[in-house]
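Participant: no sequence on this one, just coordinates:
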């Protein structure tokens, strides 16, 4: 009688495992895998049904080994537990992938709409992905840039230093200003931020590039204007003294130095009232 009970429980557990496998297939997909698993368990349950039929027909003295059937019962229970415990694990993986996909999609939207150039290269500098802004800076279509080497456009050595791309796995992040050569062989002043990234076994370089040509030009023009103003102030016949809003001396031209009898470098930062009565 014990053998019959053990066999009956084994059959029920294996059929429950088949149903659980089919439910997982319906919930998460992967038809081939789950159908294969369900079919294998179903074959095991049929084998147990045959043993159960034999044990019933030989009742009350079945020839089935009780020890063997107990082992089969334990295996059936473990199979059912394993399959049912897969559901929360698979659900967690699916949710994690969903969040990752959503984050990736958001990042792609941000990068596509970003006014700054963005590109991804491998460790050898071959471009794997570029956004529209970077393509415009280079003067190419996005597809034309894929799998091309970054050093065709951007100097990988700055101020005589070693190849910064090769140093990134150690330095992690580098920031500097450089010159990019576009399709028309024109130089474009750019600010570069490069970051080393590892995603599982994959290794990438994320590079952000900002066109600073206009700001560079504006700085140069401002510097030229300041220089011209300095020359003008030093060459006019009138004395000129400038202070901040609190009366601290910022500048004296040579004529003012002669008139007041003081030297600019000796009084800058001091109160004007202490020197002019």
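Facilitator: Sure, I can see it. Because the structure is a prediction, the values reported are computed rather than measured. Numbering: from 1, shown residues only.
Participant: what's the average pLDDT for the helix or strand harbouring residue 215?
Facilitator: Using DSSP states H and E, residue 215 falls within helix 213-235. In this model, helix 213-235 carries a mean pLDDT of 74.
Participant: likewise stretch 141-161?
Facilitator: Per-residue pLDDT over stretch 141-161 has a mean of 80.
Participant: The protein: strands as residue ranges?
Facilitator: Here the chain has its strands, by DSSP state E, at 117-121, 127-130, 173-181, 187-199, 202-211, 241-243, 249-252.
Participant: and residue 145, which of the ones you listed is closest to it?
Facilitator: Nearest to residue 145, of all these, is strand 127-130, at 4.9 Å by Cβ to Cβ. Quick note: C-beta positions are derived from backbone N, CA and C, even for glycine.
Participant: Can you give the distance of that closest one from its chain's centre?
Facilitator: Here the centre of strand 127-130 is set off from its chain's centre by 13 Å, with Cα atoms, centre = their mean, to the nearest Å.
Participant: Same question for stretch 121-139.
Facilitator: Its chain's average C-alpha position is 15 Å from that of stretch 121-139, according to Cα atoms, centre = their mean.
Participant: hmm, who's touching that stretch?
Facilitator: Stretch 121-139 is contacted from outside by 111-112, 114-120, 141-142, 144-151, 153, 156, 165-166, 168-169, 180, 182-184, 188, 190, 203-205, 207, 209, 211, using Cβ atoms under 8 Å, 6 or more residues apart in numbering.
Participant: Could you report the pLDDT at residue 12?
Facilitator: pLDDT at residue 12 comes out at 76.
Participant: From the chain's centroid, how far away is stretch 186-193?
Facilitator: 23 Å.
Participant: Can you give me the neighbour number for residue 204?
Facilitator: Neighbour count for residue 204, taken as other Cβ atoms under 10 Å: 17.
Participant: List the residues that contact it.
Facilitator: Contacts of residue 204 by Cβ under 8 Å, 6+ apart are 120, 121, 122, 128, 196, 197, 198.
Participant: do that again at 10 Å, thanks
Facilitator: Contact analysis of residue 204 by Cβ atoms under 10 Å, 6 or more residues apart in numbering lists 120, 121, 122, 123, 128, 129, 168, 195, 196, 197, 198.
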